[in-house]
Every structure is written in structure tokens, then in C-alpha cells.
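>>> Provided below are the primary sequence and the corresponding predicted coordinates.
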Amino acid sequence: MGCATTAQQPAEEIYQHREILRTMWPGYDPVARGVGFYNSSDGYVTIALEADTPPSHFSPLSPGVWRSHDVFPQLRQSFYINTFIQDTRATLVAYPLSDPDPFTLLFHEDFHGYQLDSFATREGNTLARFEAGEMPINTLVAAVRMERSLLIAALEAETQQSREQALRNYAGLRVWREAQLPASTVMIERNNETHEGTASWIGHRAAKLLLGRTEDAFLEQRKSVLEFDYEAMEASTSIRLMTARVYSTGAALTELLPQVTNLEWHTLIEDRSTTLFEMLILAFDWSSDFLEGVGQEISNSQEFARAINTASTLSWPESDEAVLARVESEHRWKLSIDMPAGSEGGFSAVGGTITQLTDHALLLHPVQQYDVETDNLSVALRNRYIVLKNSAHLRTSDNEENGEASGRVLTLYLNEMNDSLRCADGETVCEGSLTELTQRGVDIQSETQLPYRLERINQ
């Protein structure tokens, strides 16, 4: 059979532990779905897959572990969800990773694939912009920090009574906070928390099972990510206020729910789109009036006043609109390209600052390296300022109903322009289609025509 590939050992660990991995979430069977690695040095794909018939274009390395006949040098992204290697579907991550743990990212992303296949709605969008409405930012920061402390208290609780008390205070404070935010923001946060929190818990739980970590170590890991001060990060306002923290709060709720309820909460989340936070309230049958009273009492406490005072020491970056205006003022050309459906399913981005804009758009300024690779599209950008619009990695519910994946608009800000795309003399806006664009820092190759809009924004 030859020498073992570098990815063979972790794939074998996955296959050998397939029974216990099936216990993480009812109906989720990663080895039946196919999970594995692609070797970034030689291009071969190694998967753990339990199947009635051997996957075509693969050779067995050991029971349940398969290696591709062919190499796939075009695989350049950090991960691929529900991708196809020839006619075999699998979720893949690059191997070897810089992290000695090869499992957390793999199972996190594969659970997103399971969500795509099995959840009634797939509304998670971690790239959505956080709108605080009229709620003072220092009050908001004080609340979300205290909420995480209460989740830690619930995880550490030695009795059911003390756990319920911590969760009651957590839910009350959160309901009080949510009442001051736009309804759309509340729903985005709850959906993102459910979508990313469950996947985060699955990823870390799988790593715990496969690497032999203790339950105490697993619990400490859950607590450590809650203790991290997301609001003090060097990042955009949306990332600091929502995007980063919901992974940790959602994973904590996923850990806590089976300790406080006998309801079939997995089914409610999958089939009825119940969020983790809604599930917590259902578990204790708390009324809105009751929780609002609890939250009001906490918000009037001296402890909360001190938390607001502490939050006031934070500094915040320029507004998202100001960032975009500055980027546009520094460039002569704005090139927007309609990317095909499927191009939003995964990408590799390295370096650069992320700013969430309105309309589910993401500004990377500048991204050191951005790559997309599909069967009919290759995009490689280096040190470019770009905007991705409608760039959530989940398909939208409207397109799901039509059996289609949503596309993406890729906007490039440039100071030089390929002669083939220049507008006619006197024109500041022109439209057309392209299959190829090659210039400094830009390499786009497509088998289909890509509509584009070119706009001169500065002289």
C-alpha cells in the first residue's frame, strides 16, 4: 500500500472514532458524509469515509481511509465545505495546518455543511453589519461583557440551582439589552450565534474526543473563549460588538442546554429554526415580563454602572462609511464583477483589515492574498482593496428554495486599469463582460463570461 501520507494518521483517527463522533449531534454523521484533508505540498486528498461502495478515483490506505488517485493543485483555500473530488463529496481542510490540532476546523466547517443539508433555515451571516440603533455603545459593551461572565458562572456552577440562577440573570440582562436594539440586529445575532456556536462546539468537541482531552480541559476551553475581551480587539466595530463573540456564547449555550432541559432541542433548532437563546428561554418557560424585570434590576445595579464606566475607556475606529470613503478617495477606478453562483462557497483571505458595510458587504483593506477556486473560475488577488457583497458563506433562503446558490459581487479598487477594459474617451462608466483579467496583483480566469461595471471615481 506504500508509505502513509501525512494526512493518513488523522484520517484514521477519525474513522476509528466514528461511533463516538456520531453522538455529538443527532443525525450528524461526519464519516458517512466524508471528511478529510488535502495535502498542500503534494496535492493529494485523503478522506475518512464509510460507504457501501468504495469511492471512485480513490485507493484504500486502511479501513475507511482513502487517498485520491489524482492530485489537485488548484485546492488553495483553507477549507472546502461539501465539495466534490471527482464524484465523491467531502469537507476538506488544508494539511498540514500550522495548528497541531487538525480536527477543530475540519469538524466546524463540516457541521456548516450539515446545516446546509439539514437545517430548515440557514440565515447565519457572520459578515452582517452590527447596528446598535439608539443604544449607547458603552452600555452595550457593559451588557455583553457581563452576559459572558454569567455564562461562565453557569458553566462553573456546582448545583442545578446556582446554574439556573446564573442563566436567569444572563437571559434577563440579554432580553433587557435586546429591547434597546433594532429587531433586525437581534435576529442576526441570535441566528449567527446558533449557526456559529453549534459549529464551534462541534469542532472543539470532536477535537476533544480525537485528541483525548479531559472534560475539565474541554470546560476550561469553553470558559477561556468567553473570558476573551472581544470588545477591545483591533478590528472593525461590527466584529468587536457581535461577530467575534457569538462563537463563544453559542458554544456555551450548546454545552449548557442538555444540562437544563429534556426537550428535543436539537430537533427544534433544525426543524423549526429555534435559536439557542430562544431554546434556553423555552427550557425554563420564563415569561418576557419576568426576564425584563430581572434585566432591569441588573441594569440598575452598581456593578453594571462600574461596567459601563470601564467600557468608556475603549476607543473605536472611524465609521464604516468613513473607511469606505477614504478607500475610494485613494483610487481612480472601481471595477465590480458579477461572480457566478458557487463562488461564495468558500475563499481564502490572508491579511488586511475587515470592515462590514451595509447590504451584507465586506471591505478588505487591503487583503494581502485572496483566492477563489471552483471548477470554472480562478481568482487570485494580491495586496488589493476589495469589497465582497452578499458574501455570507451560506446560501440564502430564497435561492435555496430555487435550488440555486447565491452569487457574489467582487469590487476591486485600482489605480491602474487593463487597456482591454478602459472606458471610451469621455465615459466615466462602462459595462461589459470578461473571461480574463491579468494585471499587477490581479489574476482572474473564467470559463464563462463575467459581467462587469467599470467606474472612474477619481482623476
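Sure thing, it's come through.

>>> which ones are touching residue 261?
Residues near residue 261 by C-beta atoms under 8 Å, 6 or more residues apart in numbering: 279, 282, 283. Bear in mind the C-beta positions are built from the backbone N, C-alpha and C, glycine included.

>>> Could I get the pLDDT score of it?
On pLDDT, residue 261 comes in at 94.

>>> Residue 30 reaches residue 11, doesn't it?
No. Using C-beta atoms under 8 Å, residue 30 makes no contact with residue 11, being 11.6 Å away.

>>> who touches both of the two?
When contacts are counted by C-beta under 8 Å, 6+ apart, residue 30 and residue 11 are jointly contacted by residue 48.

>>> Report the helix or strand with the lowest average pLDDT across the protein.
Least confident helix or strand, the chain: helix 397-401 with a mean of 35, by mean pLDDT, DSSP states H and E.

>>> Strand partners (parallel or antiparallel) of the next helix-or-strand element following that one?
Once helix 397-401 ends, the next helix or strand along the chain (criterion: DSSP states H and E) is strand 408-414. Note on strand 408-414: by DSSP bridges, its sheet partners are strand 333-339 (antiparallel), strand 377-389 (antiparallel).

>>> immediately after strand 408-414, which helix or strand?
Remark: after strand 408-414, the chain's next helix or strand is strand 429-439, criterion DSSP H and E.

>>> is it true that residue 243 touches residue 192?
Yes. Contact criterion C-beta under 8 Å: residue 243 and residue 192 qualify, at 7.4 Å.

>>> Which of the contacts of residue 261 fall in strands?
When DSSP state E is applied, these are split such that none fall in strands.

>>> So which of those is the closest to residue 113?
Sorting the contacts of residue 261 by how near they are to residue 113, with C-beta to C-beta, puts residue 279 at the top with 22.2 Å.

>>> Now for that closest one: which residues touch it?
253, 257, 261, 263, 265, 268, 269.

>>> remind me, longest helix of the protein?
The residue-count maximum for a helix in the chain (DSSP state H) belongs to helix 183-211.

>>> how distant is that one from the center of its chain?
Centroid separation between helix 183-211 and its chain, computed with C-alpha atoms, centre = their mean, to the nearest Å, is 9 Å.

>>> That helix packs against which elements?
helix 8-16, helix 18-21, helix 104-118, helix 215-227, helix 246-260, helix 276-284 (3 or more C-beta pairs under 8 Å, 6 or more residues apart in numbering; DSSP states H and E).

>>> if you set the cut-off to 10 Å instead, what comes out?
With contacts defined as 3 or more C-beta pairs under 10 Å, 6 or more residues apart in numbering; DSSP states H and E, helix 183-211 has these neighbours: helix 8-16, helix 18-21, helix 104-118, helix 160-178, helix 215-227, helix 246-260, helix 265-272, helix 276-284.

>>> Toward the C-terminus, what is the element adjacent to the second one?
Tracing the chain C-terminally past helix 18-21 and defining elements by DSSP H and E, one meets helix 30-33 next.

>>> Quick check: which ranges of the protein have low pLDDT?
For the chain, the stretches flagged by pLDDT under 70 are 1-5, 98, 122-124, 126-127, 342-348, 359-360, 390-407.

>>> per-domain residue ranges of it.
Per automatic domain parsing, the structural domains of the chain span 8-118, 137-311, 320-456.

>>> Now do the contacts for residue 95.
Neighbour list for residue 95: 5-7, 10-11, 36-41, 44-46, 102, 106 [criterion: C-beta atoms under 10 Å, 6 or more residues apart in numbering].

>>> Quick check: beta-bridge partners of it?
With DSSP bridges as the rule, residue 95 is bridged to residue 39.

>>> give me the number of residues near the nearest residue to residue 368 once chain neighbours are set aside?
In this structure, residue 368 finds its nearest non-sequential neighbour in residue 351, 3.1 Å apart by C-beta to C-beta, 6 or more residues apart in numbering. Residue 351 has 12 neighbouring residues, counting by other C-beta atoms under 10 Å.

>>> do residue 242 as well
24.

>>> On the three-state scheme, it is what?
Look at residue 242: counting by DSSP: H, G, I helix; E, B strand; the rest coil, its state is helix.

>>> Show the contacting residues for it.
126, 128-132, 140, 144, 185, 188-189, 192-193, 230, 356.

>>> that older thread, format the contacts of residue 261 as JSON lines; extra columns: distance to residue 64.
Output for the contacts of residue 261, formatted as JSON lines (distance: C-beta to C-beta, whole Å):
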{"residue": "279", "distance to residue 64": "34"}
{"residue": "282", "distance to residue 64": "39"}
{"residue": "283", "distance to residue 64": "37"}
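
>>> between these, which is closest to residue 425?
Closest approach between the contacts of residue 261 and residue 425, by C-beta to C-beta: residue 279, at 61.9 Å.

>>> And the closest one, how close does it get to residue 257?
6 Å (C-beta to C-beta, to the nearest Å).
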